[in-house]
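**Student:** Dropping a prediction and its sequence here:
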Amino acid sequence: MKKILIVSTVSRQFYLFEQGNIEVLKSLGYEVHAAANFSDSNERLDSLEIVRHHFDIDRSPFSLINIKAYKELKKIMKSEKFNVVHCHSPMGGVLARLVARSVGITPVIYTAHGFHFYKGAPMINWLVYYPVEKFLSKLTQMIITINQEDFAMAKKFNTNRVVYVPGIGVNTEKFNDYIVDRDKKRKDLNIPNETVVLVSVGEMIKRKNHESALKALSKVNNRDYLYLICGKGELDDYLRSLTKSLGIEDKVRFLGYRNDIPEICIASDIFLFPSFQEGLPVSVMEAMSAGLPVIGSEIRGNTDLIDNDKGGYLLKPEDVAGFAEKIERVISNKELRKKMGKYNSLKVKEFDQKRVKKIMAELYEGLGELI
């Protein structure tokens, strides 16, 4: 049986982003192994039925722990004799490619879920990550990118093949199952039917830029809205305090981490996504599948998904006044919300998981040509 090793930094990568790939690999007869730091492991991994290999990798490129992680990963690769290595995340991609070269494993695939160097990125990102990625491309037989900006960048690297794949795929059909539950979900959340609901999904971290959304909402004159934030993180207390200082604490609900995002999207009217940096955001694809207009930031990934003025509006991440104006416009126009939402529900089919699985199956089946 052919054996493949999927390498990442944290184990949640496997059930959040690799489930489709794992299903494809098993259908092709692969025994699937996964290497990561499994300290964040939970029961969702059990359903994947993969062979797990823990090693002490750290997300920081400056952590000395990664010296130990390199040695641990080398021991894993030597003992298991894998046919293929498919790596993810910046540090997972670095260590896996270096180790694979040292033990003689080919082919090696790297999926870039969003290069840390991008238009508008801090100069330090370009100084640290760009030269490393360019060098490692020589050790990579295939680079997979999930947005057009990264695809154009990767084509400049020295690797055998660069491929664009439309993300990890989203099950656009599953949202049809929740339509009849809209009123019930609103009742469960104690939200009146006439209230316009805006929702954001993402960690409470600086990169997700919830701050701009809150500041924009404080400037909206139409007060018949409710804003739901799904996620948790280090900025939780700060953002709660910010809502009070902005005088909108009665308009914002912090729902924490949720497992019912599809239902919440169906119960909502507008999706807000002012993030500073993304690869190809799954949360936006899910919102589109639910038929929501999206008001988001004009950044890589979002520009692949949202057609400005058709499926929503894209603005600079810190354009608080611009966000406020667009939010006001969409809150006040139900027909516009429906029109944009319908457009998105059709556009997102380009990123459906069935299409992505078909593409990945063809790529995996063609690996022999890269050796």
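**Tutor:** Yep, it's here. Numbers count the residues shown, from 1 in each chain.
**Student:** Could I get the phi/psi values of the residue nearest to the spatial centre of the chain?
**Tutor:** By C-alpha atoms, centre = their mean, the chain has its centre lying nearest to residue 281, at 4.0 Å. When read as degrees, to the nearest 10, the backbone of residue 281 gives phi -70, psi 120.
**Student:** pLDDT weak spots in the stretch 51-200 of the chain?
**Tutor:** Counting by pLDDT under 70, the stretch 51-200 of the chain shows low-confidence ranges at 177-180.
**Student:** those strands in it, which residues are they?
**Tutor:** Here the stretch 51-200 of the chain has its strands, by DSSP state E, counting those that start in this stretch, at 51-54, 84-88, 108-112, 142-145, 161-164, 196-201.
**Student:** Neighbouring strands - and their directions - for the third one?
**Tutor:** When pairing is defined by DSSP bridges, strand 108-112 lines up against strand 84-88 (parallel), strand 142-145 (parallel).
**Student:** pull the CA atoms of the last one into CSV?
**Tutor:** Meaning strand 142-145. Provided in CSV are the C-alpha atoms of strand 142-145 (Å, rounded to 0.1, in the frame of the first residue of the first chain):
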residue,chain,number,x,y,z
MET,A,142,4.5,20.8,-6.6
ILE,A,143,3.3,24.0,-5.0
ILE,A,144,-0.5,24.3,-4.6
THR,A,145,-1.9,27.8,-4.1
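**Student:** Pull the residues that contact it.
**Tutor:** 107-112, 137, 151, 153-154, 157, 159-165, 363, 367, 370 (C-beta atoms under 8 Å, 6 or more residues apart in numbering). C-betas here are computed from N, CA, C, even on glycine.
**Student:** I'd say residue 317 and residue 212 touch.
**Tutor:** Yes: Residue 317 is within contact range of residue 212, at 6.2 Å (criterion: C-beta atoms under 8 Å).
**Student:** shared neighbours, these two?
**Tutor:** residue 274.
**Student:** Let me have the strands of the stretch 51-200 of the chain in TSV, adding mean neighbour count and distance to residue 274 as columns.
**Tutor:** Listed next are the strands of the stretch 51-200 of the chain as TSV, based on neighbours: other C-beta atoms under 10 Å; distance: least, C-beta to C-beta, whole Å:
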stretch	mean neighbour count	distance to residue 274
strand 51-54	15	36
strand 84-88	25	26
strand 108-112	25	23
strand 142-145	23	24
strand 161-164	17	26
strand 196-201	23	8
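**Student:** Need the ones you listed in JSON lines (columns: distance to residue 132).
**Tutor:** Formatted as JSON lines, these follow (distance: least, C-beta to C-beta, whole Å):
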{"stretch": "strand 51-54", "distance to residue 132": "24"}
{"stretch": "strand 84-88", "distance to residue 132": "13"}
{"stretch": "strand 108-112", "distance to residue 132": "12"}
{"stretch": "strand 142-145", "distance to residue 132": "14"}
{"stretch": "strand 161-164", "distance to residue 132": "17"}
{"stretch": "strand 196-201", "distance to residue 132": "31"}
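**Student:** List the buried residues of stretch 81-101.
**Tutor:** Buried residues in stretch 81-101, counted by 16 or more other C-beta atoms under 10 Å: 82-97, 99-101.
**Student:** Mind checking which of these are in helices?
**Tutor:** With DSSP state H as the criterion, helices contain 90, 91, 92, 93, 94, 95, 96, 97, 99, 100, 101 from among the buried residues of stretch 81-101.
**Student:** My read is that the second one contacts residue 59, right?
**Tutor:** Going back to what we said before, that points to residue 91. Yes: counting by C-beta under 8 Å, residue 59 is a contact partner of residue 91 at 5.8 Å.
**Student:** Between those two, which contacts overlap?
**Tutor:** Joint contacts of residue 91 and residue 59 (C-beta under 8 Å, 6+ apart) are residue 9.
**Student:** Show me how this structure divides into domains.
**Tutor:** Listed domain ranges for the chain are 2-169+352-370, 172-351 (source: automatic domain parsing).
**Student:** picking that back up, quick one, which of the strands paired with strand 108-112 is nearest to residue 231?
**Tutor:** strand 84-88 (21.5 Å; C-beta to C-beta).
**Student:** ok, and what's touching the closest one?
**Tutor:** Residues from elsewhere that reach strand 84-88 (C-beta under 8 Å, 6+ apart): 2-9, 13, 17-18, 21, 30, 77, 93, 96-97, 100, 105, 107-111, 113, 367.
**Student:** pretty sure residue 126 contacts residue 117?
**Tutor:** Yes: here residue 126 reaches residue 117: they are 4.7 Å apart, a contact under C-beta under 8 Å.
**Student:** Which one's more surrounded, the two?
**Tutor:** Applying other C-beta atoms under 10 Å to residue 126 and residue 117 shows that residue 117 carries more neighbours, namely 20 against 14.
**Student:** Number of residues surrounding residue 238?
**Tutor:** Residues near residue 238, counting by other C-beta under 10 Å, number 13.
**Student:** from here on, count from 600
**Tutor:** With the count now opening at 600, the last piece we talked about shows up as residue 837.
**Student:** longest helix in the protein, by residue count?
**Tutor:** The helix that spans the most residues within the chain, counting by DSSP H, is helix 664-679.
**Student:** Now do the buried residues in that one.
**Tutor:** The neighbour-count check on helix 664-679 (16+ other C-beta under 10 Å) flags 665, 668, 669, 671, 672, 673, 675, 676, 679 as buried.
**Student:** wait, doesn't the first one sit right on residue 671?
**Tutor:** It refers to residue 665. No: contact criterion C-beta under 8 Å: residue 665 and residue 671 do not qualify, at 10.0 Å.
**Student:** Which stretches in the stretch 850-970 of the chain count as helices?
**Tutor:** Assigned by DSSP state H, counting those that start in this stretch, the stretch 850-970 of the chain shows helices spanning 860-865, 881-888, 901-904, 919-930, 933-946, 952-964.
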